[in-house]
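**Q** here is the input, now give the coordinates:
(one chain, ligands or ions: 1)
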Amino acid sequence: MKIRLLIATVACALAAGPFLQAAETETELSKKMDKMGGAFRALRRQVADSSKNADSLAKLATIKENAMASTKLEPAMKADKPAAEQAKFVADYQAEMKKFVGQIEKVEAALKSNNNAEAEKLVAAMGDAQKAGHKAFKKEDKKK
Ligand code: HEM
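**A** Residues are numbered from 1 along each chain as shown. Next comes the predicted model:
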């Protein structure tokens with residue numbers, strides 16, 4: 001009977017292990033990023049359509065709010081850097097994120113003046129910034 005209980009306990013721990021590990025990789029920053037991800041996907045799809053500008057501006061507001069909060073956070077990858085490089089790594093990341101907020105503001109201005117062709121180009125540039133930002137500062141992307 002005791003042995004069965006032991007086996008059941010070990011089996012449960014093994015089954016739960018991967019989920020607990022996944023929960024650990026969730027950071028303050030990755031939560032903000034996830035919120036930006038949903039809004040950006042929708043924005044990309046509809047940015048050319050001027051009949052959706054009000055909703056596109058709402059999606060941008062979500063992205064901006066989370067990007068602004070992200071300027072004050074630190075990437076998990078910091079921990080992989082030697083102690084002497086960490087401060088510069090975080091400062092570089094935060095400077096890039098502030099630049100990204102500036103890009104968001106440009107898209108806002110284009111949409112407010114109903115310049116959808118310009119907004120479309122600027123949203124493509126946001127996609128480039130996302131790629132570059134992830135390559136430089138996101139743990140998983142760096143390993144690839
Ligand atoms: C439209 C722009 C962007 C979108 C939609 C986006 C989306 C995402 C998503 C979905 C994740 C994964 C979150 C998770 O693991 O649950 C992520 C992670 C991350 N992103 Fe972005 N991202 C964008 C721009 C940027 C920029 C510009 C930077 C850097 C300047 C950046 C830095 C990071 C970092 C460092 C992580 C890893 C999280 C951590 O270290 O805790 N992202 N992003």
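
**Q** and the pLDDT at the residue nearest to the spatial centre of the chain?
**A** The centre of the chain sits closest to residue 33, judged by C-alpha atoms, centre = their mean, with a distance of 2.4 Å. As summarised for this prediction, residue 33 has a pLDDT of 98.

**Q** which SSE is it in?
**A** Of the helices and strands defined by DSSP states H and E, residue 33 is found in helix 28-46.

**Q** I'd like the next helix or strand past that helix.
**A** Later in the chain than helix 28-46, the nearest helix or strand by DSSP H and E is helix 53-70.

**Q** residue of this protein nearest the ligand, please.
**A** Among all residues of the chain, residue 133 sits closest to the ligand, at 2.6 Å; criterion: C-beta to the nearest ligand atom. (Glycine included, C-beta is placed from N, CA and C.)

**Q** that residue: which element?
**A** When elements are defined using DSSP H and E, residue 133 is found to belong to helix 116-137.

**Q** just the buried residues of that helix, please?
**A** 116, 119, 122-123, 126, 130, 133, 137 (16 or more other C-beta atoms under 10 Å).

**Q** report the helix or strand with the lowest average pLDDT across the protein.
**A** Evaluated with mean pLDDT, DSSP states H and E, the helix-and-strand set of the chain has its lowest mean pLDDT in helix 2-24, which scores a mean of 55.
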